[in-house]
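Student: Sequence isn't available, so here's the structure alone:
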């Protein structure tokens with residue numbers, strides 16, 4: 001079993017909101033349609049989503065096989081966030097695992113915090129240990145024991161049962177319905193079913209489980225079939241992944257511009273962090289500006305709180321551009337940045353500029369020098 005980070009936009013299941021006798025319930029179904037997870041909400045959702053309304057008896061009839069989250073352990077859990085993670089695991093393990101009660105109980109433990117490490121992230125070792133303790137995982141051991149105690153005729157039946165499971169998986173992943181031959185011999189001779197018998201016997205003997213069958217055999221075959229459900233899913237994931245990169249780069253550019261307005265040169269790491277936080281709704285645009293303003297104040301302590309650096313520094317920037325005969329500088333100009341950090345007044349900054357060799361090479365420096373010489377000459381009686 002592996003933990004797959006869900007790709008935004010790739011979740012193919014569904015979530016619904018129910019209103020039953022004044023109580024709200026949220027459900028999430030995996031993309032196979034094999035399992036449904038549910039939680040009772042503490043109150044009415046804040047968004048304008050329209051719930052499915054029914055009475056208690058109707059709700060009881062449809063919810064009997066749902067896997068419920070413990071409300072005491074998941075007061076802030078949101079199935080809409082939880083289900084993409086669950087679905088990624090289920091796709092990795094297969095629809096048989098999705099139906100298994102022991103696996104569903106294990107997966108419900110994720111939002112309940114049962115597998116969190118000290119850093120607050122999922123501890124993969126804890127999750128894998130729990131998975132190996134499920135009835136589903138141990139079914140391979142039971143199959144191996146049953147196979148060893150079975151006659152040849154019983155083994156034929158066990159192999160045929162596994163073939164039926166493979167045929168159903170083939171339909172799910174490739175979109176193709178198949179009619180199985182009547183005998184194993186006919187199956188082995190038919191090139192359409194190449195490898196099927198070996199896989200069926202491996203499943204029946206407990207040498208592999210459905211997850212291994214999918215990951216190492218069926219999914220790679222389904223990927224090669226153009227237009228198959230599995231190949232479409234991979235294509236959607238690829239597109240979603242590319243769109244995520246585009247969205248992040250766009251957001252990083254926007255954040256870089258905001259940082260420049262506050263006189264900050266943000267590292268690529270910080271741009272990526274803030275970008276992901278905003279995309280994941282962990283940070284709002286207003287909160288970002290507050291953070292950047294606070295950072296700006298540590299560099300420019302005389303800047304009024306809430307005023308961006310561009311507005312605050314405008315008089316100094318104009319003096320800089322006029323005396324140096326350049327375009328308006330930005331926060332990366334070292335002389336300007338130092339003057340603002342040191343709290344120089346505009347006139348003091350102008351005085352400091354006129355003491356530099358750089359200013360002496362400008363037209364206004366030469367004009368100023370000529371003007372001063374002329375005035376000195378008039379004082380001495382010349383002109």
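Tutor: The structure has been received and is ready for your questions. The shown structure was predicted, so the numbers you read here are calculated from the model rather than taken from an experiment.

Student: can you list the weak-confidence ranges in the stretch 101-250 of the chain?
Tutor: For the stretch 101-250 of the chain, applying pLDDT under 70 flags no range at all.

Student: So which residues of it form helices?
Tutor: 101-108, 124-132, 135-148, 152-174, 184-189, 196-204, 210-213, 219-223, 229-261 (DSSP state H, counting those that start in this stretch).

Student: With distance to residue 284 and mean neighbour count as extra columns, can I get those in JSON lines?
Tutor: (C-beta placed from N, C-alpha, C; glycine too.) Shown next, in JSON lines, are the helices of the stretch 101-250 of the chain (distance: least, Cβ to Cβ, whole Å; neighbours: other Cβ atoms under 10 Å):
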{"stretch": "helix 101-108", "distance to residue 284": "31", "mean neighbour count": "20"}
{"stretch": "helix 124-132", "distance to residue 284": "32", "mean neighbour count": "15"}
{"stretch": "helix 135-148", "distance to residue 284": "42", "mean neighbour count": "15"}
{"stretch": "helix 152-174", "distance to residue 284": "41", "mean neighbour count": "16"}
{"stretch": "helix 184-189", "distance to residue 284": "60", "mean neighbour count": "14"}
{"stretch": "helix 196-204", "distance to residue 284": "51", "mean neighbour count": "20"}
{"stretch": "helix 210-213", "distance to residue 284": "40", "mean neighbour count": "20"}
{"stretch": "helix 219-223", "distance to residue 284": "40", "mean neighbour count": "17"}
{"stretch": "helix 229-261", "distance to residue 284": "13", "mean neighbour count": "15"}
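
Student: so can I have JSON lines of those showing distance to residue 315?
Tutor: As requested, the helices of the stretch 101-250 of the chain are exported to JSON lines (distance: least, Cβ to Cβ, whole Å):
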{"stretch": "helix 101-108", "distance to residue 315": "61"}
{"stretch": "helix 124-132", "distance to residue 315": "56"}
{"stretch": "helix 135-148", "distance to residue 315": "70"}
{"stretch": "helix 152-174", "distance to residue 315": "67"}
{"stretch": "helix 184-189", "distance to residue 315": "86"}
{"stretch": "helix 196-204", "distance to residue 315": "77"}
{"stretch": "helix 210-213", "distance to residue 315": "67"}
{"stretch": "helix 219-223", "distance to residue 315": "63"}
{"stretch": "helix 229-261", "distance to residue 315": "17"}
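
Student: right, and the ones you listed - which one's nearest residue 291?
Tutor: helix 229-261 (10.0 Å; Cβ to Cβ).

Student: The closest one to helix 152-174, inter-axis angle?
Tutor: Interaxial angle of helix 229-261 relative to helix 152-174 (axes from the mean of the first three to the mean of the last three Cα atoms, to 10 degrees): 40 degrees.

Student: Could you find the closest non-adjacent residue to residue 331?
Tutor: residue 263 (3.9 Å; Cβ to Cβ, 6 or more residues apart in numbering).

Student: Could you look up the SS state of the one you found?
Tutor: coil (DSSP: H, G, I helix; E, B strand; the rest coil).

Student: does it really touch residue 299, like I thought?
Tutor: Yes - counting by Cβ atoms under 8 Å, residue 299 is a contact partner of residue 263 at 6.4 Å.

Student: quick one: common contacting residues for these two?
Tutor: Counting by Cβ atoms under 8 Å, 6 or more residues apart in numbering, the shared contacts of residue 263 and residue 299 are residue 337.

Student: give the contact list for residue 211.
Tutor: Neighbours of residue 211 in contact, by Cβ under 8 Å, 6+ apart: 1, 92-94, 97.

Student: Filter those residues down to the ones in helices?
Tutor: 92-93, 97 (DSSP state H).

Student: Make CSV out of those residues and add pLDDT and distance to residue 31.
Tutor: Putting these into CSV (pLDDT from 0 to 100; distance: Cβ to Cβ, whole Å) gives the following:
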residue, pLDDT, distance to residue 31
92, 78, 12
93, 80, 13
97, 82, 13
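
Student: quick one: the closest residue to residue 224 other than its chain neighbours and residue 238, what's the gap?
Tutor: Residue nearest to residue 224 in three dimensions, not counting chain neighbours: residue 231, with 7.6 Å by Cβ to Cβ, 6+ apart. Shown here: residue 231 relative to residue 238, a distance of 11 Å by Cβ to Cβ, to the nearest Å.

Student: Next: residue 108.
Tutor: From residue 108 to residue 238 the distance is 30 Å (Cβ to Cβ).

Student: Also residue 112?
Tutor: With Cβ to Cβ as the criterion, residue 112 and residue 238 are 32 Å apart.

Student: And for residue 188?
Tutor: Distance from residue 188 to residue 238, by Cβ to Cβ: 36 Å.

Student: just residue 163 next, same as before
Tutor: 32 Å.

Student: And for residue 97?
Tutor: Distance from residue 97 to residue 238, by Cβ to Cβ: 25 Å.

Student: what does residue 53 give?
Tutor: Counting by Cβ to Cβ, the gap from residue 53 to residue 238 is 39 Å.

Student: And residue 361, by the same measure?
Tutor: 56 Å.

Student: ok so, going back, need the contact list for the residue nearest to residue 224.
Tutor: 222-225.

Student: ok, how many other residues are close to residue 117?
Tutor: 11 (other Cβ atoms under 10 Å).

Student: In space, what's closest to it - neighbours in sequence excluded?
Tutor: The nearest residue in space to residue 117 (Cβ to Cβ, 6+ apart) is residue 123, at 3.8 Å.

Student: tell me the strands in the stretch 1-150 of the chain, going along the chain?
Tutor: For the stretch 1-150 of the chain, the strands defined by DSSP state E, counting those that start in this stretch cover 14-20, 23-29, 36-40, 52-54, 67-68.
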